[in-house]
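Undergrad: this is a predicted model, with the sequence first.
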Amino acid sequence: MTTLPTTPAETVADRRAEPLSARLHLWAITVDHKRLGIMYVLSGLVFFLVGGLEASAMRAQLARPGNDLVSPEVFNQLFTMHGTTMVFLVGMPVLLGMGNYLIPLMIGARDMAFPRLNAFGFWLFLFGGLLLYYSYIGAQGLYGTSAAPDVGWFAYAPLTDRTFSRGNSTDYWILGIMVSGFGSIATGANLVATILCMRCRGMTLMRMPLMAWMMLVVGVLVLTALGPLTAAQVMLLFDRNLGAHFFDPQEGGSAILWQHFFWFFGHPEVYILILPAFGFVSEIVPTFSRKVIFGYPLMVAATVGIGFISLSVWAHHMFAVGLGPVLDAFFSAMTFMIAVPTGIKIFNWIGTMWGGRIRFASPMLFATGFVAMFVIGGLTGIMLAMVPFDWQVSDSYFVVGHFHYVLFGGTIFAIFGALHYWYPKAVGRMLNETIAKWSFWLLFAGFNLTFFPMHISGLLGMPRRIYTFQPDRGLELWNLLSTAGVPLQAAGVLLIVWNLLRSHRKGAIAGNDPWDAWTLEWATTSPPPEHNFDEPPTVGSRRPLWDLKHPEDPDGRYE
Amino acid sequence: MATPDDARETPYARAIPRPTAGPLVAAFGVAMLFAGIVTNVGASVVGAVALVFGGVIWFREVMPDEAVEPIEATGGQTVVTPPPLPARDAPSRRLLLPVEIHPYRAGLVGGLAGGAAMAVVAAAWGLVEHGSVWLPINLLAGAVNPGMAAMGEPELAAFDGGWIAIAVGIHAALSIMTGLLFTVALPMMPRRPMLFGVVVAPVILSSLSWSTMGIVNPAMEEFISWPWFVGSQIAFGAVCGAVISRVEKVPTMAALSTSERLGIEQSEVGS
């Protein structure tokens, strides 16, 4: 059976009574997982706005052929910083931050397993990000002027060799990402330890919320994938500064080696970025369908399966290198294979909605949008898994369209859904639902207007990372449409930011359980006290709050 | 009887960790240490000092005993208010959807059977139009070998064990996946399952293949005969659909426990 945790009364008023400097000091020295989670998300959102501005500048440049709004050098910096920011300074911190905030609450723990390491991880991420952006001021470029990194977010060798990348902008890229990566490794280890060792009584592994399963696999993937990237970055640093030749083919090194290192990190990274999104959707869809998740054991198995298979698909990013038919066939087959557990998840979300009493509140809108957009991104991913097809569209805008459907239509939509779902828990106030729905539809329309035409421009032969394009190649319309979607997306994002700020003061009081949900975080006050629960809870099923609300029909007998 | 679970002390059950500046200072130190590589060695020196300083603060927080703060419980407040739902007298009968499904085994068998039928039609096409049963097999293997687009007909019509293995693997995987899709899709049109198998699915799959064949498998695009291809799709749909629709539907087991679903026999509690 489930026993009630108890918590103290609202503490927001007490905190607001303190002077600003004292409150800021408390935030700076905190080791509380919730405050760190909020700082992760806020920092990530700031970087998201910066990365969005960079993307907007690129789209403005590509609005018409032969444009010269920005110089080619600046364009190279824009796509490098945009990709690096969105992957390392937005996706990872926001997702790890959400895990930081939610996991201890969901598993009935008081904090993460290593609270100080948790704080260390956050500050490393933030300082790493600031170091990367300091390159705009401090780095020396080709002509001795200030320069941000310009070698692409994957920094392919030998372009990163000192011969081709003068100055130290590439060193900033290496060091900023490396420092930030140390933070991610710390957080990954913390997540694994917390989930395995800190669960409350009664919460067996098979009673954990699916979000906890996703974050467990993410933690393992972070530990597995980031190490090789860090090692490769150290080797690259040696190449550039100490005369080593790991990635210099002219001196016996191998440029392909960098690609293997990078993508051995890079493809699990895709799943590091998407699995937490799966977790958000797996919590939101049942709550707003008023049904238990369809096929929980299979969802768990699919998650673990994705974790394993994601470590053996990295070279599908390298088909165009010419790895040979055996390796091409292997990585193609493995990529097809990973579609199976991913498809199971989509099937189960739809199965959960099927026959449910669906409420299209804003979190559910974003979650449904996620499913639709991710299916498109997944299907184009399967197309890219076919070697002959990949050969023809590799490094084209088709690939850009594909991965934005996965990482924006997938991850970012899920993040916004999660923000709308858990904001009342973190702040104690509801977001304005009308603004939330406007922001969703603007974002949804703008997103599709921007990224769907990219598939077509890619099939027509437009290479990615290109500074401009010639007229009369049939690319004008598709690029103009892509650019036209940007203002809609910007309006959607700004509405979300405004809603977050406005509702912090003016939102309706949320109460402890505004969505009539079933997992443990809704059992405590909104916002939760520093210690989460007065008494550590005990659970008897996967939906402890269902048991509490329906003692005559508890879930345990069905599990 | 006490269990190991009862004896376990929940971490931070009585107190929570005290805030500390140690991690912040140490992280700043790490960042500055590396920043010195691209700025000035002085930055690295500052970073090293900050790292040591932060480490000492951190160390003193956890050694010899962890610095914690007591939990200030205001006590006894019930947090969750159950929603105003009418009380129920007896355990409810939950609505579990879907009620019945085709077993996945049917999709597996149906997919393999349909795949065999499709292979027969494809082999017939190879034999009738090109005088070789190996041609369609080699062309299918072209999905993972772009170099085949450059081969001539004599090479493609010749026997090659490696290509047969690849083609069989691709064909079996696709057939099974399509068969599983059939098991999911057929309940959506329960009155006319064969309409789906013989008309709807072949039209969808043929259209999809027609629009993408040039980029997915250029070698096959060069040789393909679309009437024969559509015929092979119809053969697949008819056989696969027939096999699946003949298998008796089974009720979903969503209401059963995992052990019951797995067929594990449970002894009564306490016996």
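TA: Good, I have the coordinates. Numbers count the residues shown, from 1 in each chain, chains lettered A, B, ... in the order given.
Undergrad: CA atoms for contacts and neighbours, from now on please.
TA: OK.
Undergrad: any idea which helix or strand in chain B has the lowest mean pLDDT?
TA: helix B:4-7 (a mean of 47; mean pLDDT, DSSP states H and E).
Undergrad: what's the first helix or strand after that helix?
TA: strand B:15-17 (DSSP states H and E).
Undergrad: pull out the buried positions in that next one.
TA: By neighbour count on 16 or more other C-alpha atoms under 10 Å in any protein chain shown, the buried set for strand B:15-17 is B:16-17.
Undergrad: after it, which helix or strand is next?
TA: helix B:22-38.
Undergrad: ranges for the helices of chain B?
TA: Taking DSSP state H as the test, the helices found in chain B are B:4-7, B:22-38, B:41-62, B:104-125, B:134-141, B:153-156, B:161-185, B:193-195, B:201-216, B:218-223, B:226-246, B:258-261.
Undergrad: show me where pLDDT drops low in the chain?
TA: Reading this off chain A. Chain A contains residues with pLDDT under 70 at A:1-17, A:141-146.
Undergrad: actually, chain B is the one I wanted.
TA: For chain B (pLDDT under 70), the answer is B:1-11, B:73-99, B:146, B:149, B:187-191, B:252-271.
Undergrad: most centrally placed residue in it?
TA: B:M177 (12.3 Å; C-alpha atoms, centre = their mean).
Undergrad: report the distance from stretch B:180-189 to the chain centre.
TA: Relative to the centre of its chain, stretch B:180-189 is centred 18 Å away, using C-alpha atoms, centre = their mean, to the nearest Å.
Undergrad: surely A:S457 and A:V399 touch.
TA: No. The pair A:S457 / A:V399 is not scored as a contact, 10.5 Å apart, by C-alpha atoms under 8 Å.
Undergrad: helix, strand or coil: sort out the residue positioned nearest the centre of chain A for me.
TA: In chain A, the residue lying closest to the centroid (C-alpha atoms, centre = their mean) is A:G91, at 3.1 Å. Secondary structure for A:G91, judged by DSSP: H, G, I helix; E, B strand; the rest coil, is helix.
Undergrad: if you skip the residues just before and after it, what's nearest to it?
TA: Once flanking residues are discounted, A:G91 sits nearest to A:L273: 6.1 Å by C-alpha to C-alpha, 6 or more residues apart in numbering or on different chains.
Undergrad: format the helices of chain B as JSON lines; extra columns: distance to chain A.
TA: Below are the helices of chain B laid out as JSON lines (distance: least, C-alpha to the nearest C-alpha, whole Å):
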{"stretch": "helix B:4-7", "distance to chain A": "7"}
{"stretch": "helix B:22-38", "distance to chain A": "4"}
{"stretch": "helix B:41-62", "distance to chain A": "8"}
{"stretch": "helix B:104-125", "distance to chain A": "13"}
{"stretch": "helix B:134-141", "distance to chain A": "10"}
{"stretch": "helix B:153-156", "distance to chain A": "17"}
{"stretch": "helix B:161-185", "distance to chain A": "9"}
{"stretch": "helix B:193-195", "distance to chain A": "21"}
{"stretch": "helix B:201-216", "distance to chain A": "5"}
{"stretch": "helix B:218-223", "distance to chain A": "8"}
{"stretch": "helix B:226-246", "distance to chain A": "20"}
{"stretch": "helix B:258-261", "distance to chain A": "6"}
